[in-house]
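1. Got a sequence here, can you build the structure:
(chains A and B)
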Amino acid sequence: DTAVSQTPKYLVTQMGNDKSIKCEQNLGHDTMYWYKQDSKKFLKIMFSYNNKELIINETVPNRFSPKSPDKAHLNLHINSLELGDSAVYFCASSPHSLGQGRRDEQYFGPGTRLTVT
Amino acid sequence: LAKTTQPISMDSYEGQEVNITCSHNNIATNDYITWYQQFPSQGPRFIIQGYKTKVTNEVASLFIPADRKSSTLSLPRVSLSDTAVYYCLVGARNDYKLSFGAGTTVTVRA
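-> Numbers count the residues shown, from 1 in each chain, chains lettered A, B, ... in the order given. Prediction:
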């Protein structure tokens, strides 16, 4: 029944390591997103894919690379992890409803708490 | 993107109505006003969206005056489980990018 799921929920790793966070949505949505929520609780968008194509790429270090094997999945790979990468990462999805007269609502996953030591 | 301003925190008691006002003085003609709710250790959840006048659903009401420079989210008869951070977002229908501010932390006490 889970709409947007992420794995793992918690990730503790050391500086310099490479890690991935997986995201899957079973809502049939066309668009998926990655957000980062820092210690001050500010939520900022990182990437967005629509039908497997990148449509939003905010100012994010090249160490972060999203990968969308199909429109139900958007994974986030992070190379050479740094202390500042510690945060909660949220995946989200929304339907492609342009023309329906409203702004898409986004459905968020439960988050992945990444701790870099 | 239109900038939004909302109170940092609000306290309330169970059974009361909570009204959170968001200012968005430079809202554009094609911008919608959307509110999200975030519980601790969870992702944000869509509550309500409106363009003008009043919108009501099973969770909340959204009041938008004619000039649209502000909006008020109304939570009727709150319970302890309504304790959360509430975000006001403003943006165009075809703008995929949600811009979250600091939000308003609402604490409901018994």
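
2. make it CA atoms for all contacts and neighbour counts henceforth
-> Will do.

3. Report how many residues lie close to the residue of chain B found nearest chain A.
-> Per C-alpha to the nearest C-alpha, the residue of chain B with the smallest distance to chain A is B:R93, at 4.1 Å. By the measure other C-alpha atoms under 10 Å in any protein chain shown, the count of residues near B:R93 is 18.

4. roughly how far apart are it and B:Q6?
-> 22 Å (C-alpha to C-alpha, to the nearest Å).

5. what's the neighbour count on the residue lying closest to A:F64 once chain neighbours are set aside?
-> Counting by C-alpha to C-alpha, 6 or more residues apart in numbering or on different chains, A:F64 lies nearest to A:I78, which is 4.6 Å off, once chain neighbours are set aside. Residues contacting A:I78 under the criterion other C-alpha under 10 Å number 20.

6. and the gap between A:I78 and A:R63?
-> 5 Å.

7. Same question for B:R45.
-> Counting by C-alpha to C-alpha - B:R45 and A:R63 are separated by 29 Å.

8. Over to B:T4?
-> Distance, B:T4 to A:R63, by C-alpha to C-alpha: 31 Å.

9. go on, A:C23?
-> 18 Å.

10. Looking at those two, which is more packed in?
-> A:C23 (26 against 13).

11. Please give the element, helix or strand, for the more buried one.
-> strand A:19-25 (DSSP states H and E).

12. Briefly note if the helix or strand following that strand comes near chain B.
-> Next helix or strand after strand A:19-25 toward the C-terminus (DSSP H and E): strand A:31-37. No - using C-alpha under 8 Å from any C-alpha of the partner chain, strand A:31-37 stays clear of chain B, with a minimum separation of 8.7 Å.

13. tell me the contacts of the residue most central in space within chain A?
-> Nearest residue to the geometric centre of chain A (C-alpha atoms, centre = their mean): A:W34, 2.4 Å. Residues in contact with A:W34 (C-alpha atoms under 8 Å, 6 or more residues apart in numbering or on different chains) are A:I45, A:M46, A:F47, A:S48, A:L76, A:Y89, A:F90, A:C91, A:A92.

14. Can you give me the buried ones in stretch A:26-35?
-> A:H29, A:D30, A:T31, A:M32, A:Y33, A:W34, A:Y35 (16 or more other C-alpha atoms under 10 Å in any protein chain shown).

15. Which residues of chain A lie near chain B?
-> A:41-45, A:48, A:56, A:90, A:98, A:101-111.

16. Any idea what the residue nearest to the centre of chain A is bridged to?
-> A:F47, A:C91 (DSSP bridges).

17. which residues in chain A form strands?
-> With DSSP state E applied, chain A shows strands at A:4-7, A:10-13, A:19-25, A:31-37, A:43-50, A:53-57, A:64-70, A:73-78, A:87-94, A:107-108, A:112-116, listed in chain order.
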